[in-house]
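Enquirer: Could you look at this predicted model? Sequence included:
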Amino acid sequence: MDYGLRDGTGSVDPMSETPHFDVVIIGAGISGIGAAYHLQSQCPDRSFTILEGRENLGGTWDLFRYPGVRSDSDMHTLGYSFKPWTSKKTIADGPAILDYLNETVDEYDIRRHIRFNHLVTDASWSTDDAAWTVTGARSDDGSSISYTCNFLFMCSGYYSYKGGYEPDFPGSEKFAGPIVHPQKWPEDLDYAGKKVVIIGSGATAVTLVPAMAQTAASVTMLQRSPTYVVSRPSEDPVANSLRKVLPNKLAYDLTRRRNVWRGEMIYEKTRSSPDKIKKLLLDGVRKELGDNYDVDTHFTPTYGPWDQRLCLVPDSDLFKSINSGKAAVVTDHIDTFTETGIALQSGKHLDADIIITATGLQLVTLGEMRFSVDGKEVDFADVWTYKGLAYSDVPNLASSFGYINASWTLRADLTCEYVCRLLNHLTETGTDQCTPRLRPSDAEMPRRPWVDDFSAGYMQRMMPMMPKQGDREPWLNTQSYRADKKLFRDGPIADGVMRFTKKAQAKVDA
């Protein structure tokens, strides 16, 4: 039964009174908005809706409200392929990115498709109906929600919206001041004239330090171990110059191609010449902080470049804060929190009025939802990833997950292109169900982590619960834009792994 209308508004199953759409998108962040655009432009015959658990669109860029929140990727690659970024600053702050997303949904008439406060918790697939049923509750009034769809597109990101990763710090109950995780930043937090300690050394910490140092009495970044940091201008002079002489779209496309190429080249160099790149990065830090600063202790990681994500420092703001004396970096281990700060294992004590735990995210599988196929619960730790976007033996489902080593949206755009190709193939072949299934030759594949060659703690904590990848196409999650372009755009849809069936034969083939 296909109750989807072709005007994008969906319909209601007359038997169950459940709203039905050809495609349900979960999440109205950067991925979900991009998915809506691609569906409208490449699959105009498909009805769709976006179910968003929060009251606003934007995902990450609406959720995080801490001081200085910004991208750590340039907006010519974090922006969409179809909508030019035209602001002067290529390293943009959170509000500017949120404005860009709101412009996108209004420019392409996407807002009317979003159902806010619709928090989906369960998804069940019926082979007999070739349909998903997604259920949950409204986050504003608690009432139940239920939708059916032929295809489910997960665009809910990769981390928990319930809260970030917060280690159990000994003695934290003793501390007299507020302890704040950046994911739950209080609007009324007054840090002007206060002593602030920020625990962490990742992208959030290096963003917070210079932002808070503008008004705080002192800001100390406390880290167990250093992270690679690199300073870049927040404005791209080449992009801004091109935009003066070329149409916005052409200038944007040229800048995007250049930045993609440059990013891939740098990443490849970190794999082929890690010592050379390490020296280059550390020499840059020494140039910023001077010969008397202990770069070896505070800015020299024990791992190689891009074994974890590099931290971007726009316009040298972190280094300027340190050089001014308003901020400091301490590399040590926590012994215990005290009433007035943090006692370190070295015997030193850091005085603090406020402690910020910039200790990372909690990764989750597919939006913290429960999935079942014909009544059997899906354990994603037991499945194989198909091209990094679908899952073995799970029908009519795709998920959008960006790159670890490049801009998120580069991969999100490619994923949307592939999903549209897949949906159009279903229409062209008169089939209802598409399911990745292992070939006999794939049965003995080695089980590799879903994301390989990336040692960041927030990733490693979650890897045992994530799908596995193999050692051959299409059971790969490449984390390579160049490889994915070939795999997603040029690879055959009917590749002998993605199986296409009609309702009558789907149950037998399953």
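Expert: In hand now; what should we look at?
Enquirer: Give me the domain ranges for the chain.
Expert: For the chain, automatic domain parsing gives the domain ranges 11-161+362-509, 172-357.
Enquirer: so of the ones you listed, which one's packed in deepest?
Expert: Neighbour counts (mean count of other CB atoms under 10 Å) averaged over each of the domains of the chain peak at domain 11-161+362-509, with a mean of 19. C-beta here means a position set from N, CA and C on the backbone, and glycine is covered the same way.
Enquirer: Just the helices from the stretch 301-450 of the chain, written as ranges.
Expert: 317-324, 408-429 (DSSP state H, counting those that start in this stretch).
Enquirer: sorry, back to before: now the weakest link among the domains of the chain, please, by mean pLDDT.
Expert: When these are ranked by mean pLDDT, domain 11-161+362-509 comes last with a mean of 92.
Enquirer: Return the distance of it from the chain's centre.
Expert: 11 Å (CA atoms, centre = their mean, to the nearest Å).
Enquirer: repeat for stretch 298-310
Expert: Taking CA atoms, centre = their mean, one finds the center of stretch 298-310 at 20 Å from the center of the full chain.
Enquirer: any idea how far residue 186 is from residue 356?
Expert: As judged by CB to CB, to the nearest Å, residue 186 and residue 356 stand 11 Å apart.
Enquirer: Please enumerate the shared neighbours of these two.
Expert: Residues touching both residue 186 and residue 356 (CB atoms under 8 Å, 6 or more residues apart in numbering) are residue 180.
Enquirer: I'd assumed residue 410 was in contact with residue 260.
Expert: Yes. Between residue 260 and residue 410 there is a contact under CB atoms under 8 Å: 6.8 Å.
Enquirer: what is in contact with these two at once?
Expert: Counting by CB under 8 Å, 6+ apart, the residues touching both residue 260 and residue 410 are 77, 481.
Enquirer: what sits against residue 299?
Expert: Residues in contact with residue 299, defined by CB under 8 Å, 6+ apart, are 226, 228, 229, 282, 285, 289, 329.
Enquirer: Just name the closest of these to residue 76, please.
Expert: Nearest to residue 76, judged by CB to CB, of these is residue 229 at 21.4 Å.
Enquirer: Now that closest one. Nearest residue, chain neighbours left out?
Expert: residue 311 (4.5 Å; CB to CB, 6 or more residues apart in numbering).
Enquirer: now the longest strand anywhere in the chain against helix 408-429, angle please.
Expert: Counting by DSSP state E, the longest strand found in the chain is strand 144-154. Put simply, strand 144-154 runs at 100 degrees to helix 408-429, going by axes from the mean of the first three to the mean of the last three CA atoms, to 10 degrees.
Enquirer: Now do strand 144-154: which elements does it pack against?
Expert: The contact analysis (3 or more CB pairs under 8 Å, 6 or more residues apart in numbering; DSSP states H and E) places strand 144-154 against strand 19-26, strand 48-51, strand 118-126, strand 131-138, strand 397-399, helix 408-429.
Enquirer: give me that answer again for 7 Å
Expert: If you count contacts as 3 or more CB pairs under 7 Å, 6 or more residues apart in numbering; DSSP states H and E, strand 144-154 packs onto strand 19-26, strand 131-138, strand 397-399.
Enquirer: Next, format the ones you listed as TSV and append distance to residue 45.
Expert: Output for the helices and strands packed on strand 144-154, formatted as TSV (distance: least, CB to CB, whole Å):
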stretch	distance to residue 45
strand 19-26	8
strand 131-138	17
strand 397-399	18
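Enquirer: how about those, which one is nearest residue 345?
Expert: Set against residue 345 and scored by CB to CB, the helices and strands packed on strand 144-154 come closest in strand 397-399, at 41.3 Å.
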